[in-house]
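S.K.: below: sequence and its predicted model.
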Amino acid sequence: MSKVFGRHGPAFPRLGKLAFTIAKPGVKAWFAANGMHTPDSRYAQGQIAAMREKLGRGETVYLIGTCPSGHNSGIALIEASAARGIRLISNEEEERFTGIKHYDGFPAESIKVLKRRLDRLQITPADIHACVCSWNYVDMVPYGLRLVCEHFPFSWPLLRPASGPKCNFLHAYRAGLSPARIGKELGLGRPMPVIAMSHHDNHAAFSFAVSPFNRSEKPVMISVLDGFGDSGAISLYVAEKQRLRCLFAGDSWFDSLGVFYTLISSTQGGWTSLSSEGRYMGAAAWGDNNRMTNPYYRRLRQIFYFGAEGTVLVNRAMTNWQNTGEIAPYKQALKDVIGEPIPPERQWNPDAVLRVEDVEHSPVTRDRVDIAAAVQLVFEDALFHIVDHLIRTTKSDQLVLTGGTALNCVANMRLLEHFDEDWYRRNLGIDGRLKIWVPPTPGDAGAGMGAAYNFAMQAGARPGEVMRHAFYCGEAPGASEIKEALESTEQIGWRSLGNVSDAETLDSIADFAASIVARDGVLGFFQGVAETGPRALGHRSIVANPCNPRTLENINRRVKFRESVRPLAPLVTMEAARRFFDLSPGATADDYNAYSYMVLTVNARPEAYAAIPAVIHKDGTARIQIVRPDIDPFTYAYLKALGRRVDAEVSVNTSLNVGSPIVQSPRQALETLKRAKAMTGLIMIAAEGDAFLAWHAVVDHFKDGGKQVLAWLEEWEGDRLVST
């Protein structure tokens, strides 16, 4: 436990509690009048009881989970039955359809997709048992007023939307109006009542229910650590006999690992929040990651006080975000450690720039990356402190990590390294080691479906099958839609390749893709239903040669137009994963399911540095995705073919986008091809199996792949003709 330094906790806690008590009744009445109900309301409890009765009669029950306002808005559909448990059908992310990263408006396009899906399933909107949402907006408003009063008068800037774009009072107000609009968009002719579920309970319910531990006879730990929830930033749970029980729920938005990492990464990295965290984690690998020698670590470590029972408190003598949010987040003590913050007007949003190729990236300096490394080390210290207490409390060795901070894949790996067999023997006197799992959607893109899972579990539904893929966003485009996009997109040439429904043709097209990549071409893969979550996992990916050490520079400078500190992740077969990387024994559940979503890094083996240098990060780690033949036959066949050509069943994988969210539609994919100047071509596979190759039809000194890909295409077609 560290020595107490500085100030911790609110300045006027009684004033804050009084504000909450006064505000809540009126706020609750306004939301209820508009059709939004709290989980403990008579309406919500009645719907839970009615669902329990339906399940008891053997009926299948459908639920909608939505984020109607706030970053990552969208809508999800699940079904539940006594026989099969809970099953995820879809999770539409509005940003994919609007093309605006972290879209925070009403999910109108997502609801259109949902309506088409309901029609195909022969389900009417009236058949939906309940609509639930990802936040308890009803409590969030009086809780926000409480936080303002706790540090009044210095905290009045928290009332401004600019203080926290992630979530503010405007989002809650718009969410309160959503029942009427949801009902209208679904054609009900009336508002659809919405039940506002607890944000952290939502994260915990979904992440546990789809994890490999969902039927464990032993206790399962669930940690929810994010920016903040309805009433706090840290919540800890244990699942026993498939039932969740909350062990600890923080009551502060500011004593938050997520807020700490977001605000420091943004104001030191120079990117807007929500676009900064992953980039900063990549930069941290370039810095001094030794706690003994990093010049910033020891002083920055004072930003947290580690208390009893796993508590983590932010030092308010260093931070100012409890008063102003993102507007002026540092006090002088923090400036003395890491320097002045980069102000919002000097930050740039890499996901909202029309010409990312014109952006001048900030220089990579030793101080900047050492600060990034110090931030990562302090974050890991806090995470270890919390998980240490959770393990000692439950005596469990199974942990589900969720909430936005669970995307810190390096910290996830460090947990497995720290809480090993020796730690369990030394501290608990038992044989064991930590095993972890992270869903592909630990952040708020998963909170809507989490709300539906949370509601279903409260009604007695049991978890269903373990999640084995993340392909739940949108619809698989048909051949006619792809052809229409190809024919109407200027400066693009294209040709049909055949139909991958035939195994021989699939292998042939996969080998053609491998032949291009082996010769240092860069391809996009666009196939099937899109991935949900922030990682491209083979359905909306850009692939390249991992064996060429210049691939990293080529992708960052001429394809994605991004910072040089950004790493490239590898797609791998299981055989290649075992050959090139040290897979953790703590990730073995369900045949290493934890390595299916690029949420957990591994250390590279010595052979990997020479064989596949493009996918080994500066710190010797890689954020791998193991591809399975039954989950993604085309990408798996491509990896096998690439292995025959370059002696490594490994491919560079980065998301199919340039200055936008991961693409959703054929037209978006083709626009990305046009913007990615050094991208050789794009393979598009329709729902019916028809495959197409698109390329740059206009050749200039950048877009030079078109002429080359035509030559490779003619070579491949000639080989096919001979073999036939």
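M.R.: Structure's in. What do you need?
S.K.: look up how far Arg7 lies from Met318.
M.R.: The gap separating Met318 from Arg7 is 9 Å, by C-beta to C-beta, to the nearest Å. Using the backbone N, CA and C atoms, a C-beta is placed for each residue, glycine as well.
S.K.: neighbour-wise, which of those two wins?
M.R.: Met318 (23 against 16; other C-beta atoms under 10 Å).
S.K.: which residues sit in contact with the nearest residue to Ala641 once chain neighbours are set aside?
M.R.: Closest residue in space to Ala641, ignoring its immediate chain neighbours: Ala514 at 3.7 Å, by C-beta to C-beta, 6 or more residues apart in numbering. Contact analysis of Ala514 by C-beta atoms under 8 Å, 6 or more residues apart in numbering lists Tyr638, Ala641, Leu642, Arg644, Arg645.
S.K.: which stretches of this protein have low pLDDT?
M.R.: By pLDDT under 70, the low-scoring segments of the chain are 1-5, 165-168, 349-362, 699-706, 721-724.
S.K.: mind listing what's buried along stretch 712-720?
M.R.: Trp712, Leu713, Trp716 (16 or more other C-beta atoms under 10 Å).
S.K.: could I have that stretch exported to CSV, CA atoms only?
M.R.: Backbone C-alpha positions of stretch 712-720 (Å, rounded to 0.1, in the frame of the first residue of the first chain) are rendered in CSV as follows:
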residue,chain,number,x,y,z
TRP,A,712,-1.0,-11.2,-61.8
LEU,A,713,-4.6,-11.8,-62.5
GLU,A,714,-3.9,-12.9,-66.1
GLU,A,715,-1.2,-15.2,-64.8
TRP,A,716,-3.6,-16.8,-62.3
GLU,A,717,-6.4,-17.1,-64.9
GLY,A,718,-3.9,-18.8,-67.3
ASP,A,719,-2.8,-21.2,-64.6
ARG,A,720,-6.5,-22.1,-63.9
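S.K.: quick one: Gly56 and Arg117, what's the gap?
M.R.: Distance, Gly56 to Arg117, using C-beta to C-beta: 27 Å.
S.K.: of those two, who's got more company?
M.R.: Arg117 (16 against 10).
S.K.: part of a helix, is the more buried one?
M.R.: Yes - Arg117 sits within a helix when classified using DSSP: H, G, I helix; E, B strand; the rest coil.
S.K.: wait, it sits on Ser90?
M.R.: Yes - between Arg117 and Ser90 there is a contact under C-beta atoms under 8 Å: 5.9 Å.
S.K.: need the overlap of contacts for these two.
M.R.: Residues within reach of Arg117 and of Ser90 at once, by C-beta under 8 Å, 6+ apart, are Leu77.
S.K.: make a PyMOL selection of the buried ones in the contacts of Ala514.
M.R.: Under the burial definition 16+ other C-beta under 10 Å, those of those that qualify are selected in PyMOL by:
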select buried, resi 638+641+642
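S.K.: and of the contacts of Ala514, the nearest to Val658?
M.R.: Val658 has its nearest neighbour among the contacts of Ala514 in Tyr638, at 21.7 Å by C-beta to C-beta.
S.K.: tell me the spacing between Ala678 and Ile555.
M.R.: For Ala678 relative to Ile555 (C-beta to C-beta), the value is 8 Å.
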